[in-house]
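Novice: Starting from these lines, generate the structure:
(chains A, B, C and D)
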2 protein chains.
Amino acid sequence: MARAGVTPERLARAAAELADEVGFDKVTASAVARRFDVSVASLYAHVANAHDLRVRVALLALAELADRVADAVTGRAGKDALVAFGNAYRAYAQQHPGRYAAARLRLDPETAASSAGPRHAAMSRAILRGYGVPDEEQTHAVRLLGSTFHGFVSLEASGGFEHSGDSETSWTRTLDALDVALRNWPSPPA
Amino acid sequence: MARAGVTPERLARAAAELADEVGFDKVTASAVARRFDVSVASLYAHVANAHDLRVRVALLALAELADRVADAVTGRAGKDALVAFGNAYRAYAQQHPGRYAAARLRLDPETAASSAGPRHAAMSRAILRGYGVPDEEQTHAVRLLGSTFHGFVSLEASGGFEHSGDSETSWTRTLDALDVALRNWPSPPA
DNA sequence: TGCAAATCATTAAAGGCTTTAAGTTTCTAG
DNA sequence: CTAGAAACTTAAAGCCTTTAATGATTTGCA
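Specialist: Now for the predicted structure:
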């Protein structure tokens, strides 16, 4: 009965590791409890429920991802920054598939607002400023970046590109395409 | 004990409806059995296991989606075709969120090959031919289309765009961006 | 027509996950 | 040193998956 020293933070970290090892969908309260060598019930003193546990993994992942991206883009602008952003994003998803899956969890508005989500948006906007995308168009361009990166990484992770290789070239083309789109962004109503 | 007339097809259809109503993750063998007013165990005479049931929903959705897209693009070319493709894709995802989620299920290679997946790729290639994208680049361009559409629709469905509205304009811009990218596709090694 | 084999469905049961309730041990602050 | 808070445990109920054994219903062929 020595205390195991369970805290919400340690739980989230353990759950994140578990997610990367066996998949986010297999992150259960039971599995995390086993990893801590603690009874399942005791977890419920630290997290509200199984969903809460998963949300914590999501927040952890969003923060880590934002850190990585921030590191990658500082000191760069234009296509350099775009590529650095994309590469950091993709690398994180490849190195931490479980965490990445968690980061795509639907969060309720308040939770989302207090997450690193806004930091992601801010970094995207910083890149767009470099491209001269007008303010009132930035929301749309942020969405294009987010959609494209997420879409690529998500299809790549789910094995959609395995049949015929050369994922790298596809990624390069994707970055090129975004660069072209941002450089020729349609001014207000074209 | 009157027979309920359960068949793999009817199960898949019921599961698809259930998915659209309550979410794909809540499609359980138990829930489908209840909907058929049949004991859970009897389902296992028709599907191998719960995963098999979900795969069947995925195959159903992929086929339906391919039908919709095919309808939309026939008789069109260039940007018209691109927009029709995208709109059909997005509309399906919006009208059938559960089925769409199912369609993104990871399939093993053989199953994927026998699914409507190849039809999707073929329709994408048809569009690319209209844009004059060279053969050896088509795989990459197909991936860009798939990534972008999936990414947008997926983020939109998961509520990522709710905070600040005007999803429609974002979608228009996304289609414009793809059009630009395809028209200026980098010939082999630019 | 009539019955045997193949089908379809049921009950039973084991094993896992989630969550709550109630009780016990370990800290820690006064 | 001791009481209350905090951390854990066991117990139990409810739901899901899957397999096994059993009973009912078709179906098609003598």
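Novice: only C-alpha atoms for contact and neighbour calcs from this point on.
Specialist: Will do.
Novice: element containing A:Ala81, please.
Specialist: helix A:78-95 (DSSP states H and E).
Novice: Which residue is the nearest non-sequential neighbour of A:Val73?
Specialist: Of all residues not flanking A:Val73 in the chain, A:Ala81 sits nearest, at 5.2 Å (C-alpha to C-alpha, 6 or more residues apart in numbering or on different chains).
Novice: and that neighbour, how many neighbours does it have?
Specialist: 22 (other C-alpha atoms under 10 Å in any protein chain shown).
Novice: just to revisit the earlier point, who are the packing partners of the helix holding A:Ala81?
Specialist: helix A:50-73, helix A:97-103, helix A:117-131, helix A:135-157, helix A:167-183 (3 or more C-alpha pairs under 8 Å, 6 or more residues apart in numbering or on different chains; DSSP states H and E).
Novice: follow-up on the earlier one: list the contacts of the residue nearest to A:Val73.
Specialist: Counting by C-alpha atoms under 8 Å, 6 or more residues apart in numbering or on different chains, A:Ala81 touches A:Ala72, A:Val73, A:Thr74, A:Ile127.
Novice: closest to chain B among those residues?
Specialist: A:Ile127 (16.7 Å; C-alpha to the nearest C-alpha).
Novice: Let me know whether the closest one touches A:Gly78 as I believe.
Specialist: Yes: the criterion here is C-alpha atoms under 8 Å, and A:Ile127 meets it with A:Gly78 at 6.5 Å.
Novice: what does the host helix or strand of A:Ala41 rub up against?
Specialist: Element membership of A:Ala41 [criterion: DSSP H and E] is helix A:40-43. With contacts defined as C-alpha under 8 Å, 6+ apart, helix A:40-43 is touched by A:Val6, A:Ala29, A:Ser30, A:Ala33, A:Arg34.
Novice: May I have the predicted confidence score for the residue nearest to the last one when sequence neighbours are not counted?
Specialist: Same thing as A:Arg34. Among residues not flanking A:Arg34 along the chain, A:Val40 sits closest, at 7.6 Å (C-alpha to C-alpha, 6+ apart). Note on A:Val40: pLDDT of 97.
Novice: Now for A:Ser170, how many residues are close by?
Specialist: When neighbours are counted by other C-alpha under 10 Å, A:Ser170 registers 21.
Novice: Could you check how far it is from B:Gly146?
Specialist: Distance check for A:Ser170 against B:Gly146: by C-alpha to C-alpha, to the nearest Å, it reads 11 Å.
Novice: what separates A:Arg76 from A:Phe85, distance-wise?
Specialist: Using C-alpha to C-alpha, we find A:Arg76 at a distance of 10 Å from A:Phe85.
Novice: Which residues of chain A lie near DNA strand D?
Specialist: Neighbours of DNA strand D within chain A, by C-alpha under 7 Å from any atom of the strand: A:1-7, A:37-42, A:45-46.
Novice: Work out the gap between the worst-scoring helix or strand of chain A on mean pLDDT and the centre of the chain.
Specialist: Ranked by mean pLDDT, DSSP states H and E, the weakest helix or strand in chain A is helix A:109-113, scoring a mean of 93. Offset of helix A:109-113 from its chain centre (C-alpha atoms, centre = their mean, to the nearest Å): 15 Å.
Novice: Count the residues that sit near the closest residue in space to A:Gly78 that isn't next to it in sequence.
Specialist: Spatial nearest neighbour of A:Gly78, excluding adjacent residues (C-alpha to C-alpha, 6+ apart): A:Gly130 at 5.5 Å. A total of 16 residues lie near A:Gly130 under the criterion other C-alpha under 10 Å.
Novice: And for A:Asp25?
Specialist: 12.
Novice: what residues are up against it?
Specialist: A:Asp25 makes contact with A:Ala19 under the criterion C-alpha under 8 Å, 6+ apart.
Novice: distance of it from B:Tyr100?
Specialist: 18 Å.
Novice: same thing with A:Phe85?
Specialist: A:Phe85 sits 28 Å away from B:Tyr100, going by C-alpha to C-alpha.
Novice: okay, the two: which has more neighbours?
Specialist: Higher neighbour count among A:Phe85 and B:Tyr100: B:Tyr100, with 29 against 26, using other C-alpha under 10 Å.
Novice: which parts of chain A sit against DNA strand C?
Specialist: Within chain A, the positions adjacent to DNA strand C are A:1-3, A:28-31, A:40-42, A:44, A:48-51 by C-alpha under 7 Å from any atom of the strand.
Novice: Buried residues in stretch A:43-61, which are they?
Specialist: The neighbour-count check on stretch A:43-61 (16 or more other C-alpha atoms under 10 Å in any protein chain shown) flags A:Leu43, A:Val47, A:Leu53, A:Arg54, A:Val55, A:Arg56, A:Val57, A:Ala58, A:Leu59, A:Leu60, A:Ala61 as buried.
Novice: which of the residues of chain A next to DNA strand D tops the neighbour count?
Specialist: Neighbours here mean other C-alpha under 10 Å. Within those, the largest count is held by A:Val38, at 17 neighbours.
Novice: Quickly find the element holding that one.
Specialist: Per DSSP H and E, there is no helix or strand for A:Val38.
Novice: Kindly provide the distance from the closest residue to it other than its chain neighbours to chain B.
Specialist: Once flanking residues are discounted, A:Val38 sits nearest to A:Ala4: 7.2 Å by C-alpha to C-alpha, 6+ apart. Using C-alpha to the nearest C-alpha, to the nearest Å, A:Ala4 is found at 33 Å from chain B.
Novice: just A:Ala103 next, same as before
Specialist: 11 Å.
Novice: and what of A:Glu64?
Specialist: Plainly put, A:Glu64 is 19 Å away from chain B if you go by C-alpha to the nearest C-alpha.
Novice: same thing with A:Val6?
Specialist: Distance, A:Val6 to chain B, using C-alpha to the nearest C-alpha: 29 Å.
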